[in-house]
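Colleague: The amino acid sequence is not available; the structure is as follows:
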């Protein structure tokens, strides 16, 4: 009676063994391509060769590189032999391959996001919002604005401001030639004084501050406050509710050529005629600021009267 049971048990054990063997073989076959892909992208045991080796072929790039901020930082941290390879990766396979560009990271052959990721390995702490910025979403990467190897401009920019910015933002360039404009072309202020090109939580990469109007009031201190009586529009919409930041044909960069229509967007002329005891037509001929002088805020009068 034990004979058939024994044979049955042996048959079941054999099937289980074969099943495990097939699963193991399948798993190994599945993993094999992954191993080859990893080794192709990053050869195992890749070693650094040092910047002096890189200079042997890239003499033109290496010339004057000692003044580059990247080199200075590397020397400060004791990485004198890994300056080039800090960005391009270990160069042994590249050298042994006779300059095979597939064996090293070449930014010219990678997407903007891949290049940005390489730069962010060091600069992520300084520019934590870059990935969500309009520039990143438009595939405008680090090397679109910065010349990593050599540049005569500060921060390794490819050109000075605003020339660099106008290469893409040509639609904003005419505003700075308006009769009333911020002195960007004259060099008094720069685009980066108001915008953080690496990304913010504000629209148009406008710099983020606790009081968003501080971007303007850091220069226009006379309207900074705080005031006893605050103009609600200043706190709610901010400076851009009444002013056009780049340039305008209207005095004081106002959004409208006359002050009264601007005020009437919130303070209708009908309501004003009731308060002032004048007809709506009469109010149009008298500028609101003739009486309401302190429109940004007042320490004396709730109606911002002088």
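Modeller: Good, I have the coordinates. This is a predicted model, so every value here is computed, not measured.

Colleague: Other residues contacting stretch 95-110?
Modeller: Residues from elsewhere that reach stretch 95-110 (CB atoms under 8 Å, 6 or more residues apart in numbering): 43, 49, 53, 57, 87-89, 91, 93-94, 115, 118, 143, 148. In short, each C-beta sits where N, CA and C put it, glycine included.

Colleague: Tell me the buried residues within these.
Modeller: Among the contacts of stretch 95-110, those classed as buried by 16 or more other CB atoms under 10 Å are 43, 49, 53, 87, 89, 91, 93, 94, 115, 118, 143, 148.

Colleague: Which single one of those is nearest to residue 256?
Modeller: Set against residue 256, the nearest of these by CB to CB is residue 143 (42.2 Å).

Colleague: Report the separation between that closest one and residue 107.
Modeller: As for residue 143, its distance to residue 107 is 6 Å (criterion: CB to CB, to the nearest Å).

Colleague: next one: residue 255
Modeller: Distance from residue 255 to residue 107, by CB to CB: 43 Å.

Colleague: Residue 247 too?
Modeller: From residue 247 across to residue 107, the span is 36 Å (CB to CB).

Colleague: next one: residue 227
Modeller: 51 Å.

Colleague: what does residue 268 give?
Modeller: 58 Å.

Colleague: Which residues are in contact with each of residue 143 and residue 107?
Modeller: residue 115.

Colleague: quick one on the thing from earlier: would you mind checking which of the buried ones among the contacts of stretch 95-110 is nearest to residue 297?
Modeller: residue 143 (45.1 Å).

Colleague: shouldn't the closest one be in contact with residue 113?
Modeller: No: the pair formed by residue 143 and residue 113 falls short of the contact definition of CB atoms under 8 Å, at 11.9 Å.

Colleague: about what we covered before: now for the contacts of stretch 95-110, which pair is the farthest apart?
Modeller: 43 and 143 (25.0 Å).

Colleague: I'd assumed residue 118 was in a helix, is it?
Modeller: Yes: the assignment for residue 118 by DSSP: H, G, I helix; E, B strand; the rest coil puts it in a helix.

Colleague: Could you find the closest non-adjacent residue to the residue nearest to the spatial centre of the chain?
Modeller: The centroid of the chain falls nearest to residue 198 when counting by CA atoms, centre = their mean (1.9 Å). Nearest residue to residue 198, sequence neighbours excluded (CB to CB, 6 or more residues apart in numbering): residue 127, at 3.9 Å.

Colleague: Could you tell me how many residues sit around the one you found?
Modeller: 18 (other CB atoms under 10 Å).

Colleague: residue ranges with poor pLDDT in the stretch 201-306 of the chain?
Modeller: Counting by pLDDT under 70, the ranges of the stretch 201-306 of the chain that qualify are 269-284.

Colleague: residue ranges of the strands in it, please?
Modeller: With strands called from DSSP state E, counting those that start in this stretch, the stretch 201-306 of the chain shows them at 229-230, 247-248, 297-298.

Colleague: Can you lay out these as a markdown table showing mean neighbour count?
Modeller: Listed next are the strands of the stretch 201-306 of the chain as a markdown table, based on neighbours: other CB atoms under 10 Å:
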| stretch | mean neighbour count |
| --- | --- |
| strand 229-230 | 14 |
| strand 247-248 | 20 |
| strand 297-298 | 18 |
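
Colleague: Nearest to residue 202, out of the ones you listed?
Modeller: Nearest to residue 202 among the strands of the stretch 201-306 of the chain is strand 247-248; the distance by CB to CB comes to 20.2 Å.

Colleague: and the closest one, what does it pack onto?
Modeller: strand 180-181 (3 or more CB pairs under 8 Å, 6 or more residues apart in numbering; DSSP states H and E).

Colleague: Which is the succeeding secondary structure element to the strand it packs on?
Modeller: Of the helices and strands lying after strand 180-181 in sequence (DSSP states H and E), the nearest is helix 191-194.

Colleague: mind listing what's buried in that following helix?
Modeller: Those would be 191, 192, 194, for helix 191-194 by 16+ other CB under 10 Å.

Colleague: do the same with stretch 122-136
Modeller: 127, 130, 133, 135, 136.
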